[in-house]
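**Student:** pasting the structure only:
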């Protein structure tokens, strides 16, 4: 069943076309990578999906409902979660309080009071192994710990769609492997329908994504199973920075 549909979505900033007539479908339960070189429109596309930006043209449809003009605060309760490339914690609040905010404004927020939101935060903290940092101010965490807390806050929203914007950048390869395994497990156990991700790290893309959508200069150039997509000559040229024939040099 289709969870998310984009129909000819276009986003402009003045004369710059950041996203150019992008159409895609993401099925429930799918693991999808959205990749491309810097400036290809990946983060802008994420911002259109979760309501930071509205497109000038096209439609955003989530679970059969058009949400093109819904702001972010209306999309979160529908089940759209998001992490950011640069973590955005409430620095003076504790890790527990930061994660509880996700629970309060997520898909179950209308059912949760403050005490229950904090209980949800405790459950997520245990699962992501942040127990030792539970009562620390979020601003005191290391960059990697902040990324982990950002993921935990998104998971506390109980999303149906989780958008992860380079969530594993800066992590050690072993940590990436563990994070990929954790995300897969949680997606299954928590019945998260999909984890969509933007990553420059091929280890994470290959380990997690079942299919890859490749953007270049704001346009979608490939939408295919992961290994097929990454072997496509167009992807090798625009994403890896060399032509296929250069491999023999």
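**Tutor:** Cool, got the structure. Remember, predicted model here, so these are calculated numbers, not experimental data.

**Student:** buried residues in the helix or strand that contains residue 183, which are they?
**Tutor:** Here residue 183 sits within helix 173-189, counting by DSSP states H and E. For helix 173-189, the neighbour count (16 or more other C-beta atoms under 10 Å) marks 176, 179-180, 182-183, 186-187 as buried. Backbone N, C-alpha and C define where each C-beta goes, glycine included.

**Student:** show me what it is packed against.
**Tutor:** helix 143-156, strand 194-198, helix 202-208 (3 or more C-beta pairs under 8 Å, 6 or more residues apart in numbering; DSSP states H and E).

**Student:** those: lowest mean pLDDT?
**Tutor:** Comparing mean pLDDT across those, the lowest value falls on strand 194-198: a mean of 66.

**Student:** gap between residue 114 and residue 103?
**Tutor:** 10 Å (C-beta to C-beta, to the nearest Å).

**Student:** for residue 14, same thing?
**Tutor:** Using C-beta to C-beta, residue 14 is found at 38 Å from residue 103.

**Student:** neighbour count winner among these two?
**Tutor:** residue 103 (26 against 5; other C-beta atoms under 10 Å).

**Student:** who are the packing partners of the helix or strand where that one lies?
**Tutor:** Element membership of residue 103, judged by DSSP H and E, is helix 95-104. Other helices and strands packing on helix 95-104, by 3+ C-beta pairs under 8 Å, 6+ apart, are helix 114-127, helix 143-156.

**Student:** just the angle between the first one and helix 95-104, please?
**Tutor:** Just to be clear, that refers to helix 114-127. 110 degrees (axes from the mean of the first three to the mean of the last three C-alpha atoms, to 10 degrees).

**Student:** thinking again about what came up before, which of the helices and strands packed on helix 173-189 sits closest to residue 28?
**Tutor:** strand 194-198 (6.5 Å; C-beta to C-beta).

**Student:** give me the nearest residue to residue 87, chain neighbours excluded.
**Tutor:** Nearest residue to residue 87, sequence neighbours excluded (C-beta to C-beta, 6 or more residues apart in numbering): residue 146, at 4.0 Å.

**Student:** neighbours of that neighbour, just the number please.
**Tutor:** Per other C-beta under 10 Å, the neighbour tally for residue 146 reads 20.

**Student:** ok, now residue 150?
**Tutor:** 25.

**Student:** contact partners for it?
**Tutor:** 83-84, 87-89, 167 (C-beta atoms under 8 Å, 6 or more residues apart in numbering).

**Student:** what about stretch 40-48, average pLDDT?
**Tutor:** Averaged across stretch 40-48, the pLDDT comes to 92.

**Student:** same deal with stretch 19-37?
**Tutor:** Mean per-residue pLDDT for stretch 19-37: 90.

**Student:** just how off-centre is it within its chain?
**Tutor:** 11 Å (C-alpha atoms, centre = their mean, to the nearest Å).

**Student:** one more: stretch 175-195?
**Tutor:** 12 Å.

**Student:** also stretch 46-62?
**Tutor:** Between the centre of stretch 46-62 and the centre of its chain there are 14 Å (C-alpha atoms, centre = their mean).

**Student:** list the buried residues of that stretch.
**Tutor:** Neighbour-count burial for stretch 46-62 [16+ other C-beta under 10 Å]: 46-51, 53, 55, 58, 60-62.

**Student:** that older thread, for the helices and strands packed on helix 95-104, give me TSV that also has distance to residue 74.
**Tutor:** Below are the helices and strands packed on helix 95-104 laid out as TSV (distance: least, C-beta to C-beta, whole Å):
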stretch	distance to residue 74
helix 114-127	19
helix 143-156	17
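
**Student:** thank you kindly, that will do.
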